[in-house]
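Enquirer: A predicted structure for the sequence below; I have some questions about it.
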Amino acid sequence: MNREDMRTLQSERLVKQVKHVYENVPYYRDLMDKKGITPDDIKGIDDLYKLPLLTKSDLRDAYPYGLLAVPVKDCVRIQSTSGTTGKRVVAFYTQNDIDLWENCCARAIVAVGGDENDVCQVCYGYGLFTGGPGLNGGSHKVGCLTLPMSSGNTERQIQFMMDLGSTILCCTPSYAAYIAESLKEAGYKPEDNKLRVGIFGAEPWTEEMRHDIEAALGIKAYDIYGLTETSGPGVAFECEEQSGMHINEDHFIAEIIDPDTGEVLPEGSKGELVFTSITKEAFPLLRYRTRDICVLTREKCSCGRTLVKMSKPMGRSDDMLIIRGVNVFPSQIETVLLKEGYAPNYQIVVDRVNNTDTLDINVELLPEQFGDTVKETAAYEKKLAESIKTMLGINPKVHLLAPKSIARSEGKAVRVVDKRKLH
Ligand code: DLL
């Protein structure tokens, strides 16, 4: 579709969507009223900037049903974010929303040459996380033979992959690297598997990591992007050119804003990505701040698609970390520490060793806690690690340290040391 036709389509859908939201979501209507805007002010895409921005904290305030735009009886599913904060983000879907979402994922599979002859092994997590259900649905729509593996149990992944001749692998890039390593350990060479392509996303990964995975599995590795709030994976996907992800603009209008002022930045600027869902019925977020920092480009793509492309996310405008595919806020770790009776003197160290994220948490003991035997300290470390695992869903290594052993900062405390070279 040429640019003009796409803008016309987006404008029509936007006008309709703003009315739908204004009439059915009191929370957003209040925000619009506070800005003095009514649906009549939004005549097309050029008026988009007038609408209020939404953030994750709006989602928390309106939890769980406050942003729902249709009656619960019309919803058929929820999905939720990979992190486990007290209040998780819960997204709702009508059957039509599910169909559109799966179509978006199907586009990602078709863009890497997938068709009904493929055997598509989906090892993103299933359940509340959107990765498994999204790519599972997309794979069905394309007509691939779908292996709904979910993540984990790598031995079984390998057995099915080899026995059934999987040609497409869908998982996080870290899990792809782990599968590759396990295949090698089991004595397989890259040419022994039938895999052709991988569709990897849900976390940041580098070009170096892409090359490593491609070589280790003998495949082409493609990026896929999305977030629970906008339905899940498939908001954007890479094509054969492997240089940025095409955004499904007929469903999501993308803007780049200055994260400090909220102002819309000119095309080609680096800033925070904002999405407006123009086709979703149940959970249609308008101008939702993703906190992902990236650049949009409209340069002609050799694949022939005219959809705008987003760069790989280059970081976040908040402090969220993505560790082994799971969204983690340092404040979640702090909450556990305080609950368990530790002082908030800690440092979170994240690294990537052999393409797998590691999470180490250094925690200072209070003077009165210090002095226990090595055995006792090890038991405390284990207990704390378990509490943190319950909160985050991933296993950390906890190190209890002597009082005052973590360097104090003169400015903001350095809570997070991210040694991964992701950007
Ligand atoms: O991670 C959805 C997804 C599943 C995407 C499977 C791709 C594949 P959330 O758990 O809500 O949803 O996390 C969304 O993850 O705001 C980004 O910060 C990050 N993210 C997602 N895809 C990528 C990617 C899913 N390809 C958050 N590269 C987003 C870098 C990504 N970061």
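Expert: That came in fine, so what should we check first? Bear in mind that the values here come from a model prediction, so they are computed numbers and not experimental data. Residues are numbered from 1 along each chain as shown.

Enquirer: and Glu4, that's in a helix?
Expert: Yes: judged by DSSP: H, G, I helix; E, B strand; the rest coil, Glu4 forms part of a helix.

Enquirer: Give me the pLDDT for Lys56.
Expert: Looking at Lys56, its pLDDT stands at 92.

Enquirer: Return the residues of this protein in contact with the ligand.
Expert: Within the chain, the residues that sit near the ligand (C-beta under 6 Å from any ligand atom) are 81-82, 124, 130-131, 201-204, 223-228, 232-233, 290, 292, 312-313, 322, 327. All C-beta spots, glycine's among them, are computed from the backbone N, C-alpha and C.

Enquirer: Let's see which of the residues you listed end up in strands.
Expert: Judged by DSSP state E, strands contain the following of these: Gly201, Asp223, Ile224, Tyr225, Gly226, Leu227, Gly232, Pro233, Thr290, Asp292, Ile322, Asn327.

Enquirer: I'd say Thr356 and Ala176 touch.
Expert: No: Thr356 sits out of contact with Ala176 when judged by C-beta atoms under 8 Å, with a separation of 11.0 Å.

Enquirer: In terms of neighbours, single out the busier of those two.
Expert: Comparing Thr356 with Ala176 by other C-beta atoms under 10 Å, the one with more neighbours is Ala176, at 28 against 13.

Enquirer: got a list of what that one touches?
Expert: Leu169, Gly198, Phe200, Ile213, Leu217, Ala221 (C-beta atoms under 8 Å, 6 or more residues apart in numbering).

Enquirer: Quick check: the last one touching Pro173?
Expert: This means Ala221. Yes: using C-beta under 8 Å, Ala221 is in contact with Pro173, at 7.4 Å.

Enquirer: Now do the shared contacts for those two.
Expert: In contact with both Ala221 and Pro173: Phe200, Arg210, Ile213, using C-beta under 8 Å, 6+ apart.

Enquirer: By neighbours, which of the residues you listed wins?
Expert: The most crowded member of the shared contacts of Ala221 and Pro173, judged by other C-beta under 10 Å, is Phe200 (25 neighbours).

Enquirer: What's the local residue count around Ile42?
Expert: Neighbours of Ile42 under the rule other C-beta under 10 Å: 22.

Enquirer: and whichever residue of the stretch 301-423 of the chain sits closest to the ligand, how many neighbours?
Expert: Nearest residue of the stretch 301-423 of the chain to the ligand: Pro313, at 4.3 Å (C-beta to the nearest ligand atom). By the criterion of other C-beta under 10 Å, Pro313 has 20 neighbours.
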